[in-house]
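Undergrad: take this sequence and fold it.
(chains A and B)
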Amino acid sequence: AQSVTQLDSHVSVSEGTPVLLRCNYSSSYSPSLFWYVQHPNKGLQLLLKYTSAATLVKGINGFEAEFKKSETSFHLTKPSAHMSDAAEYFCVVSDSGNTGFQKLVFGTGTRLLVSP
Amino acid sequence: GAGVSQSPSNKVTEKGKDVELRCDPISGHTALYWYRQSLGQGLEFLIYFQGNSAPDKSGLPSDRFSAERTGGSVSTLTIQRTQQEDSAVYLCASSLGRVDGETQYFGPGTRLLVL
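TA: This next block holds a predicted model:
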């Protein structure tokens, strides 16, 4: 079965500084990987996804992630944090397994705090 | 176009009562998913519908939980004899249902509180 591990439950940065949210995955085959963001009292929004094309994936709001098979990682980065980036971020792997359907398996989430 | 909608947005019920949660997927999406987000368990898969195929119920936590999808569109998640541990946000998502790795679009969720 597929799984993801988000290494940090909380990350604090200052506005204007870089953001790094770490994610490692476990997969028996080439996975599809996603980052979703959830703002307080809002629904889940897709930031970006990797589906075996380019290993460097660019998403919305200046975020990007790099798929590194050798390290089984899919870390999320942004060069300069904005106050509006404060939210919960979920690393997600698609688990088709033997069922033929796409169940999403979520990490435990990383809460990003941005201070002025 | 409209996104995934869910109703009610909030539901408070008493232990032992039955509740029904509704999901309207994006028009044209054949795949529909239910997930649950709770403090203790994080985000977990519950059930999946694909077109007219039999649903995959492998994530349902107990036989008190059931779901149906009428006409391949609207879905209802029913929880019978609710317990306090059922308190959570219930999320619905839909996708085109064509390929692996396709994006699932989430609704705003129904926040369920069982007293």
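
Undergrad: make it CA atoms for all contacts and neighbour counts henceforth
TA: Noted.

Undergrad: contacting residues for the residue of chain B at minimum distance from chain A?
TA: Here chain B gets closest to chain A at one residue, B:Pro108, 4.3 Å apart by C-alpha to the nearest C-alpha. B:Pro108 makes contacts with A:42-44, B:4-6, B:9, B:91, as judged by C-alpha atoms under 8 Å, 6 or more residues apart in numbering or on different chains.

Undergrad: pretty sure B:Gly40 sits in a strand.
TA: No: under DSSP: H, G, I helix; E, B strand; the rest coil, B:Gly40 falls outside any strand and is assigned coil.

Undergrad: what's the burial count for it?
TA: 8 (other C-alpha atoms under 10 Å in any protein chain shown).

Undergrad: any idea of the pLDDT on the residue of chain B closest to chain A?
TA: pLDDT recorded at B:Pro108 is 93.

Undergrad: any idea of the mean pLDDT in stretch A:59-76?
TA: Stretch A:59-76 comes out at a mean pLDDT of 95.

Undergrad: span of that stretch from start to end?
TA: End-to-end distance for stretch A:59-76, by C-alpha to C-alpha, to the nearest Å: 10 Å.

Undergrad: over to stretch B:24-41?
TA: Length of stretch B:24-41, first residue to last, C-alpha to C-alpha: 25 Å.

Undergrad: again with stretch B:15-24
TA: End-to-end span of stretch B:15-24 (C-alpha to C-alpha): 27 Å.

Undergrad: done for today, thanks.
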